[in-house]
Structure formats: C-alpha cells, structure tokens
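Q: After the sequence you'll find the predicted model.
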Amino acid sequence: MAVIEDVRPLGAELERSYEVYVGGRVKFRVGQLVYVAFSSDESVMGFAFPREEREALVRSDPRTFHLPTASDMRFNWVHADLAALDPTEARELVVDAWRMVVPKKLSRAYDLLHPTGRGGDLARPGRGQPGG
C-alpha cells in the first residue's frame, strides 16, 4: 500500500520539479505543468500518462486505475488508488509522469544516474508505463 509520503521526497528531488498546494491538494509541477496531483484525502493519485495508452492501462487493472472525469478527458491523465499500489510502483508512475513534462535531456540524465529503473526498482510487468 502506497501513501503520499512514499513519493513526496522523489517529487522534490526530480529536476525542475516542485510541490504546490492548490485547493488543499498536493500537486507536483514542472513550470506550470502539473504532472502528479493527489486527492484532498490523499487516497487517489492523478498522474500524467500518454493519452493513447491510458485505456489499456485502466483495462490492465481496473481496480487500481481509473480514467478521469469526462471534463478532464482532454488531459493526458489517469487516476490510481494509492492503496492498490505498492510504494515502488507509485514512484515509478511519478517518474514516468515527470518524464512527460521535462525535456528529453533531463530524462536521459535521470536514466544515467538511476540505471536500475524508474523510482528505484524495475517496473512491474504488464503495466505499460511510458518511458520504459
């Protein structure tokens, strides 16, 4: 079971990333682009994810992953229940979301510093995360 504290240090360490509070919710940004946001009760993590892959991700594990509301479908976004994620998987999703909003040179530099994988360990099979 993942909690916000499993990913908060990572969000602060990623290049150009910073934490903000908007409407009582924790969000991580690069510039003005939000790449991860938590529900006010911190039970759901929304994260940037390639639009063309998000339905496949939700189908792969519908108990964990959910599409955003109809009004937010225009964004590259997916929601995950934190209780259904392990901490490593939550960190992997944060890194992959961050990759979507930073220049490729920063993403490549991260790979050189973290050769064992995104967020600390290799991704769990079957998740279809971007950047893999």
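A: Right, received. Where do you want to start?

Q: give me the low-pLDDT residue ranges for this structure?
A: Low-confidence segments of the chain, defined by pLDDT under 70: 117-132.

Q: Let me see the ranges of the strands in this structure.
A: Under the criterion DSSP state E, strands of the chain are mapped to 17-22, 25-30, 33-38, 44-48, 65-66, 77-81.

Q: Need those in JSON lines (columns: distance to residue 108).
A: Heads up, the C-betas are built off the backbone N, CA and C, glycines and all. Compiled in JSON lines, those are given as follows (distance: least, CB to CB, whole Å):
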{"stretch": "strand 17-22", "distance to residue 108": "16"}
{"stretch": "strand 25-30", "distance to residue 108": "16"}
{"stretch": "strand 33-38", "distance to residue 108": "18"}
{"stretch": "strand 44-48", "distance to residue 108": "18"}
{"stretch": "strand 65-66", "distance to residue 108": "27"}
{"stretch": "strand 77-81", "distance to residue 108": "24"}
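
Q: And those: which comes nearest residue 100?
A: strand 44-48 (4.4 Å; CB to CB).
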